[in-house]
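Enquirer: Here you go, sequence then predicted model.
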Amino acid sequence: MSLADMMESQFRADVRFRGAAYLQSSRVSISHITADDVYAVVRDGAEHQIHLHRTEEALEMSCSSVAGTKRPPTTKYVWATILLIDEQGYMTGTPKPGHIPPFIAETTSSIDDDWDFEEGDDDPYFPPINISKKSSKSAQSATQVEPRKLNEWQQKLRALRDRLRIRDVTIETKPSSYEITYQIDVADSWKSGHLMLQIVECQRRSTGGWGKIKPLKLKAGGLENLPEADDRAILAHLLGGIQDRSGTQTIAGSTLNQHLPHRFHMTHSLTSALLPRMCSTGRLRLLFDDGKMSDPITFSEEVEPWDLSLTMEPSAGGSEAKQAQWQIKPILIREEETLSIDDVELIVEGGWVVRDRSIEPLEDFEVYEWIRSYRNHELPSFPETEGKDVIQELMTLPSVPRLELTDKWEIEQKHIVPTPRLKLFTPSLKGKMPRDRIQADLEFVYDEILVRGSTHSWAIPLPEEQSCIVRDAKQEQAF
């Protein structure tokens, strides 16, 4: 019984057929072999690393194409390696269920050839074993010869070589004709209010066109081998440090061999750092519900941010028989330009506006919920006679965005120069900060009203006076 006969039941018929094709086309090569381990490489566009380890009772298999996943290692590449072992006669005996004989180990190597021995070396010489013979009888007779005892330095070099080969299984090298694309999932970004990013990959075909777009499949150990420096930097920011899993010793279970995620929920601080670089690659695109992608997106750096504002306008569903209905509607304003929420491709909290294939900054005054409620048709409508009551209710909200009202309901806007005030205090006894430290808060005084500098409200409401004090953002930033 050959090794392939014994292992055949673990591989599907189509997998065995494809594996045999790799062997016939000479795409399989064994790079190193010991009595218990076989290291092989199968070329299929990329190089797939195979490691077979024998015990007395079973054959353990590892394949770099499925390492870090839940898929079994019974791949076409492993089957091609098993066929090559049988064809070249690398087994010292006949395998059978419950017993795997040792492999025929290498006895010469390129390392040995580079060293000159002194003439006084009295160690006997043993000729190398011809491992290409298919006869098991010849292989068995060859293994009866006692191998030459290696020097200590040779043993250490060979042990180092074996560790390097194991390391190579965790390293994934992408071809130069390989491209990563960054996609902003528009539908999921609207739902969450945050930028949802997914990363896909594709490879150029031999005909010159690009292959099918697939989710990024990259192991942590292959991050530094990506062909583009921008991709290495972006992914390093997204992933941070690689998680340490002490005690993981197997090849497949190594942290460096785990596949990286391809979807990310990005915070505003992270998008501020990465969006300009993603746009500079020319490979950041919008992904729509129908699966189509937009043209590459650009990043507008030197533009004033849009301000999220509230306006009041007649409701489209009003009836002539009833009293006219009005509604509160969020809009975007920048200087003299007004932009409807319906005319943008995406708005995310924090914030960013995507329109006309360009990303522009947004000041949402921490009230993005107005945009979410507007898109979900959850904003209230009210009769015209109750307009003043609605405005007074708006003034009581914790954070008020910019208000753009008609002359009928316009409120007085007071402009006062703020006075900065630095508040120093010791940490709380219940806190974790040492008591010998001093904390500070920057506050601003508007007509005896204190406002913390960290708040993002556009104005300070004065409900009793039906007015508000507009905060001087430029003056506050100057401090």
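Expert: Arrived safely. Keep in mind that this is a model prediction, so the values were computed, not measured. Residues are numbered from 1 along each chain as shown.

Enquirer: how much space is there between Phe425 and Lys474?
Expert: 28 Å (C-beta to C-beta, to the nearest Å). (Each C-beta comes from the backbone N, C-alpha and C, glycine too.)

Enquirer: neighbouring contacts of stretch 301-313?
Expert: 276, 326-335, 339, 351, 353, 360-365, 367-368, 370-371, 387, 390, 394, 401-406, 409, 458 (C-beta atoms under 8 Å, 6 or more residues apart in numbering).

Enquirer: likewise stretch 326-337?
Expert: For stretch 326-337, contacts defined as C-beta under 8 Å, 6+ apart pick out 304-315, 338-341, 344, 353, 362, 370-371, 374, 379-384, 387, 390, 394, 401-402, 404.

Enquirer: again, only this time at 6 Å
Expert: Stretch 326-337 has contacts (C-beta atoms under 6 Å, 6 or more residues apart in numbering) with 304, 306-307, 309-315, 338-339, 341, 370-371, 374, 379, 381-382, 384.

Enquirer: Now restrict those residues to buried residues only.
Expert: Buried members of these, scored by 16 or more other C-beta atoms under 10 Å, are 306-307, 309-312, 339, 341, 370-371, 374, 382.

Enquirer: partners of the host helix or strand of Leu339 in the sheet?
Expert: Here Leu339 is covered by strand 337-340, with elements defined by DSSP states H and E. Next to strand 337-340 in the sheet, as set by DSSP bridges, lie strand 325-334 (antiparallel).

Enquirer: Show me what the mean pLDDT comes to for the partner strand.
Expert: If you average the pLDDT over strand 325-334, you get 92.

Enquirer: quick one: it to chain centroid distance?
Expert: 37 Å (C-alpha atoms, centre = their mean, to the nearest Å).

Enquirer: The stretch 1-150 of the chain: helices as residue ranges?
Expert: Using DSSP state H, counting those that start in this stretch, the helices found in the stretch 1-150 of the chain span residues 3-7, 13-24, 76-88, 110-113, 136-143.

Enquirer: among those, which is nearest Ser269?
Expert: Smallest distance to Ser269 across the helices of the stretch 1-150 of the chain (C-beta to C-beta): 42.4 Å, for helix 76-88.

Enquirer: who's in contact with that closest one?
Expert: Helix 76-88 is contacted from outside by 2-4, 7, 11, 15-16, 18-19, 22-23, 28, 40, 42, 48, 50, 61, 63, 132, using C-beta under 6 Å, 6+ apart.

Enquirer: can you do 7 Å?
Expert: Outside of helix 76-88, the residues within contact range by C-beta atoms under 7 Å, 6 or more residues apart in numbering are 2-4, 7, 11, 15-16, 18-20, 22-23, 28, 30, 38, 40, 42, 48, 50, 52, 61, 63, 65, 91, 131-132.

Enquirer: quick one: average pLDDT of the strand holding Leu339?
Expert: 94.

Enquirer: among the contacts of stretch 301-313, which are in strands?
Expert: Per DSSP state E, strands hold the following members of those: 326-334, 339, 353, 360-363, 402-404.

Enquirer: filter these to the buried ones?
Expert: 326-334, 339, 353, 360-363, 402-403.

Enquirer: so how many other residues sit close to the residue nearest to Glu443 when sequence neighbours are not counted?
Expert: Of all residues not flanking Glu443 in the chain, Arg421 sits nearest, at 4.7 Å (C-beta to C-beta, 6 or more residues apart in numbering). Using other C-beta atoms under 10 Å, the number of residues around Arg421 comes to 13.

Enquirer: In this structure Arg421 contacts Asp441, no?
Expert: No: the pair Arg421 / Asp441 is not scored as a contact, 8.9 Å apart, by C-beta atoms under 7 Å.

Enquirer: Can you get me a residue count around Leu218?
Expert: When counting by other C-beta under 10 Å, one arrives at 21 neighbours for Leu218.

Enquirer: how much space between it and Lys414?
Expert: For Leu218, the distance to Lys414 equals 56 Å [C-beta to C-beta].

Enquirer: hang on, the earlier thing: could you give me the ChimeraX syntax to select whichever of the contacts of helix 76-88 are buried?
Expert: Those of the contacts of helix 76-88 that count as buried under 16+ other C-beta under 10 Å are selected in ChimeraX with:
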select :2,3,4,7,11,15,16,18,19,22,23,28,30,38,40,42,48,50,52,61,63,65,91,131
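
Enquirer: Where do the helices of the stretch 201-350 of the chain begin and end?
Expert: For the stretch 201-350 of the chain, helices defined by DSSP H, counting those that start in this stretch occupy the ranges 229-239, 268-280.

Enquirer: Which one of these lies nearest to Asp289?
Expert: Nearest to Asp289, of all the helices of the stretch 201-350 of the chain, is helix 268-280, at 21.6 Å by C-beta to C-beta.

Enquirer: Per-residue confidence at the closest residue to Ser457 other than its chain neighbours, what does it come out as?
Expert: Nearest non-adjacent residue to Ser457, counting by C-beta to C-beta, 6+ apart: Ser399, 4.5 Å away. With respect to pLDDT, Ser399 scores 74.

Enquirer: Over to Phe11?
Expert: The model's pLDDT for Phe11 equals 92.

Enquirer: Quick check: the gap between it and Ser467.
Expert: According to C-beta to C-beta, Phe11 and Ser467 sit 79 Å apart.

Enquirer: ok, back up a step: doesn't the residue nearest to Glu443 belong to a helix?
Expert: No: according to DSSP: H, G, I helix; E, B strand; the rest coil, the state of Arg421 is strand, so it is not within a helix.

Enquirer: That one and Val353, how far apart?
Expert: Taken as C-beta to C-beta, the span from Arg421 to Val353 is 34 Å.

Enquirer: Please verify my assumption that the residue nearest to Ser457 contacts Asp364.
Expert: No: using C-beta under 7 Å, Ser399 makes no contact with Asp364, being 9.8 Å away.

Enquirer: More neighbours: these two, which one.
Expert: Ranked by neighbour count (other C-beta under 10 Å), Ser399 and Asp364 place Asp364 first, with 27 against 15.

Enquirer: In contact with the more buried one, which residues?
Expert: By C-beta under 7 Å, 6+ apart, Asp364 lies in contact with 308, 349-351.

Enquirer: Wait, Ile460 touches Glu448, no?
Expert: No: Ile460 is beyond contact range of Glu448, at 11.1 Å (criterion: C-beta under 7 Å).

Enquirer: For these two, indicate the residue with more neighbours.
Expert: The neighbour count for Ile460 versus Glu448, taken as other C-beta under 10 Å, is higher for Ile460 (21 against 6).

Enquirer: before we move on, what SS does the more buried one have?
Expert: Ile460 - assigned by three-state DSSP - is strand.
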